[in-house]
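Participant: Predicted model, plus sequence, below.
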Amino acid sequence: MGKKTHFCTTCGNDFTRGYSARRHVRTVEKGVGLAVTEAAYKVGLAKGVFSPSLPGKPPKF
């Protein structure tokens, strides 16, 4: 299994491919949110820009 390198900023789901993350945001999240890299997600979480993943589901790093 590949390393999780992209994240959905809306729900915190992780993906191994950027296009999968973008497709998730477009279809599941109805265009609300962003698909960002792991580094950008970590910085956003630290700064409080992005909320943590779904309640009860810790972020996978």
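Facilitator: Sure thing, it's come through. Numbers count the residues shown, from 1 in each chain.

Participant: dump the residue contacts of residue 6.
Facilitator: 14-18, 20-21, 35-38 (CB atoms under 8 Å, 6 or more residues apart in numbering). All C-beta atoms are positioned from the backbone trio N, CA, C, and that covers glycine.

Participant: So which of those belong to strands?
Facilitator: Counting by DSSP state E, the contacts of residue 6 place 14-15, 35-37 in strands.

Participant: May I ask which of the residues you listed has the most neighbours?
Facilitator: residue 35 (24 neighbours; other CB atoms under 10 Å).

Participant: Which strand residues bridge that residue?
Facilitator: residue 8 (DSSP bridges).

Participant: wouldn't it be in contact with residue 24 here?
Facilitator: Yes - assessed by CB atoms under 8 Å, residue 35 is found in contact with residue 24 at 7.0 Å.

Participant: which residues do these two both contact?
Facilitator: Shared contacts of residue 35 and residue 24, defined by CB under 8 Å, 6+ apart, comprise 8, 15.

Participant: Pull out the buried residues from stretch 41-49.
Facilitator: 41, 44-45 (16 or more other CB atoms under 10 Å).

Participant: if we can go back for a sec, closest one of the ones in strands among the contacts of residue 6 to residue 29?
Facilitator: residue 35 (9.3 Å; CB to CB).

Participant: Quick one: residues contacting the closest one.
Facilitator: So residue 35 contacts 6-9, 15, 18, 21-22, 24-25 (CB under 8 Å, 6+ apart).

Participant: can you pick the most crowded of the residues you listed?
Facilitator: In those, the most neighbours by other CB under 10 Å go to residue 7, 29 neighbours.

Participant: Point me to the helix or strand that includes the closest residue to that residue other than its chain neighbours.
Facilitator: Among residues not flanking residue 7 along the chain, residue 41 sits closest, at 4.1 Å (CB to CB, 6 or more residues apart in numbering). Using DSSP states H and E, residue 41 sits in helix 38-47.

Participant: Name the residues that touch that helix?
Facilitator: 4-7, 9, 36, 49-50, 52, 59, 61.
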